[in-house]
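Colleague: Return a 3D structure for these sequence lines:
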Amino acid sequence: MENNIETSRALATRIYDLDSEVYRLIGSSLGRTFTGDKETSIRNLTTLISTHPQGHLLRSEIALIGNMARTIRNKEDRSRMMHEYNEILHQIAELPESFGSVDGPGVRYIVFLQGCHMRCKYCHNPETWKEEGGELQTPQEVFDKAYRYHNYWKDKGGITVSGGEAMLQMEFVTELFKIAKQHNVHTTLDTSGNPFTMEEPFLSKFNELMAVTDLFMLDIKHIDDEKHKKLTGWTNKNILELASYLSDNGKDMWIRHVLVPGVTDDEADLNKLSEFVKSLKTVKRFEILPYHTLGVFKWHDLGVKYELEDVMPPTKEQIERAESILHTRDYTGYKN
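Modeller: Sure thing, here's the model as predicted:
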């Protein structure tokens, strides 16, 4: 165990140092993923690395660094940072339990879009809520940047668009995915489902996006509508409607549920969620995402009260209990 912690801390330090160097080379706060103090950031990263169930979060943080590194203007500096980025990815892949296909099957190029209407109490990226900000790029520009790395993801990976909430920029994502499909690139949309409606003109636009999306990764924050409203500020009715619509249209899905002790881990609610997911015909994977506190400092930086300050991440036993109730191991449609 001690060797595992030492290895995790060494890797955490390497990741933090890469983030710092990318920030220095870009010269903008947009280039910084970890804005907390060094010791706290490394300690949180160490915990994240050494706890497999949180591996998906680690990948998201590293992907942010990688995406910023790709914007470095100096070719030599960019090459050096991307080499270090890839070395870190290889080191993580060699850990006892790799984070693997957490943003879609295979190795993914992840595009993060700005803007989200939901206000999840555990959000670890509150800086993405505002629709303004970020870097303006065309779908072709984004694809060209991504496709430079297709030899790395080969035929098993592809492009994942996440957020914020990606469906707030649906026309952009549709155009990006159309270009990707012209090059036989696998496409994944990571969404909360919050903007979905069966009303026009949204539905026609969504159907156009659906046609060029290979996989939908859908977060179900809470199965109980009133508890969902309390947790996110919004109803879940249209989100569950989206899940059923995707199922009826034969679209592959990964369902994810953030496990927050005392908030989203009630046994009756988990059983209800399990029954709903069982009713869907195209769910290939069902994941528990353990609540974590890595992004709490971002709330503080934004001057926003963090209501879950006293909530601790779930224990291994709590995670295993939830996985058992939800029968997550029954969903084996995607295997790397």
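Colleague: So in this protein, where's the weakest helix or strand by average pLDDT?
Modeller: helix 55-69 (a mean of 72; mean pLDDT, DSSP states H and E).
Colleague: how about the strands in this protein?
Modeller: 108-112, 158-162, 186-191, 215-219, 252-259, 283-290 (DSSP state E).
Colleague: Most tightly packed of these?
Modeller: Across these, averaging neighbours per residue (mean count of other CB atoms under 10 Å) puts strand 158-162 on top, at a mean of 26. In this view, the C-beta of every residue, glycine as well, is placed from N, C-alpha and C.
Colleague: how close does the nearest residue to Ser162 once chain neighbours are set aside get to Gly27?
Modeller: Excluding the flanking residues, the one nearest Ser162 by CB to CB, 6 or more residues apart in numbering is Asp190, at 3.9 Å. Here the criterion is CB to CB, to the nearest Å. By it, Asp190 lies 29 Å from Gly27.
Colleague: One more: Thr191?
Modeller: The gap separating Thr191 from Gly27 is 33 Å, by CB to CB.
Colleague: swap in Arg256?
Modeller: In terms of CB to CB, Arg256 sits 35 Å off from Gly27.
Colleague: ok, now Glu199?
Modeller: According to CB to CB, Glu199 stands 45 Å off from Gly27.
Colleague: Tell me which residues of the longest helix seen in the chain come out buried.
Modeller: Across the chain, the longest stretch assigned as helix under DSSP state H is helix 2-26. Buried residues in helix 2-26, counting neighbours by 16 or more other CB atoms under 10 Å, are found at 7-9, 11-12, 14-16, 18-23, 25-26.
Colleague: List just the nearest of the residues you listed to Arg321.
Modeller: The nearest member of the buried residues of helix 2-26 to Arg321, counting by CB to CB, is Ser8 at 25.0 Å.
Colleague: What separation do you get for that closest one and Leu58?
Modeller: Distance from Ser8 to Leu58, by CB to CB: 10 Å.
Colleague: what touches both of these two?
Modeller: Residues within reach of Ser8 and of Leu58 at once, by CB atoms under 8 Å, 6 or more residues apart in numbering, are Ile49.
Colleague: and Val277, how many neighbours does it have?
Modeller: Using other CB atoms under 10 Å, Val277 has 22 other residues around it.
Colleague: Isn't it up against Ile325?
Modeller: No. Using CB atoms under 8 Å, Val277 is not in contact with Ile325; the gap is 11.3 Å.
Colleague: So Tyr85 is in contact with Ile72, correct?
Modeller: No. Tyr85 lies out of contact with Ile72 (CB under 8 Å); the separation is 11.0 Å.
Colleague: CA atoms only for stretch 198-208 - export them in PDB, please.
Modeller: Taking C-alpha atoms only, stretch 198-208 is exported to PDB below (Å, rounded to 0.1, in the frame of the first residue of the first chain):
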ATOM      1  CA  MET A 198     -39.700  16.500 -27.900                       C
ATOM      2  CA  GLU A 199     -40.900  19.900 -29.100                       C
ATOM      3  CA  GLU A 200     -39.800  21.400 -32.400                       C
ATOM      4  CA  PRO A 201     -37.600  22.900 -33.600                       C
ATOM      5  CA  PHE A 202     -35.300  21.100 -31.100                       C
ATOM      6  CA  LEU A 203     -36.300  17.600 -31.900                       C
ATOM      7  CA  SER A 204     -35.500  17.800 -35.600                       C
ATOM      8  CA  LYS A 205     -32.100  19.300 -34.800                       C
ATOM      9  CA  PHE A 206     -31.500  16.600 -32.200                       C
ATOM     10  CA  ASN A 207     -32.400  13.900 -34.700                       C
ATOM     11  CA  GLU A 208     -29.800  15.300 -37.100                       C
END
